[in-house]
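# my questions concern the predicted model and sequence given below.
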Amino acid sequence: MKPYFIGRIVYFFGYPIFRVLIKNSTRAYVIVRVGDEILLTKNWLGFQRKWRLPGGGILGGEQPIFAAQRELKEEVGLQLHEQNLVKLQEQPLRSKFNYDYYLFTLTLPEKPVLEVDNKEILSAEFIAIADLNKVSISEEVVNFLRLAK
């Protein structure tokens, strides 16, 4: 059975548990930008409808910037020094799903070679910012576009 089918089944039956687990948690997401494109991912867990930013939960006692750094390495194999990350806002944003999240930006001169973790990520692609209105995107991507104006 393909991971995305397993992800859909697990998500369908585990959705109430996932909502409780992420409620009131804090997360960190990274906008990886190369020119006029940003890196977006689709997680295998769930229904894979929306493109999202690489990132995830902040572990107990972990600083948001280190969580962002760790998540980039885990999800797409980008290993970088935290000084390359710029926090987009000082206070975390509140999600409609009742968790807080920080947005960080990383600007690169050229597209890196990605090492996608297929245990977690179904797909990772650079998508032109101008084309984001043509695809389904997560709340975090919408807020990046709003804050970037």
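Everything's here; your move. Just so we're clear, the structure is a prediction, and the values are computed from it rather than from any experiment.
# can you map out the helices along this protein?
Here the chain has its helices, by DSSP state H, at 3-22, 64-76, 139-148.
# residues touching residue 72, list them.
30, 32, 54-55, 78-80, 106 (CB atoms under 8 Å, 6 or more residues apart in numbering). Glycine gets a C-beta too; all of them are placed from N, C-alpha and C.
# torsion angles phi and psi at the residue nearest to it when sequence neighbours are not counted?
Of all residues not flanking residue 72 in the chain, residue 78 sits nearest, at 4.4 Å (CB to CB, 6 or more residues apart in numbering). Residue 78 adopts backbone torsions of phi -90, psi 110, taken as degrees, to the nearest 10.
# and for residue 78, the neighbour number?
21 (other CB atoms under 10 Å).
# ok, the spatially closest residue to residue 77 that is not a sequence neighbour to residue 143 distance?
Spatial nearest neighbour of residue 77, chain neighbours left out: residue 115 (2.8 Å); criterion: CB to CB, 6+ apart. When distance is defined by CB to CB, to the nearest Å, residue 115 is 27 Å away from residue 143.
# more neighbours: those two, which one.
A side-by-side neighbour count of residue 115 and residue 143, using other CB under 10 Å, places residue 143 first with 18 against 13.
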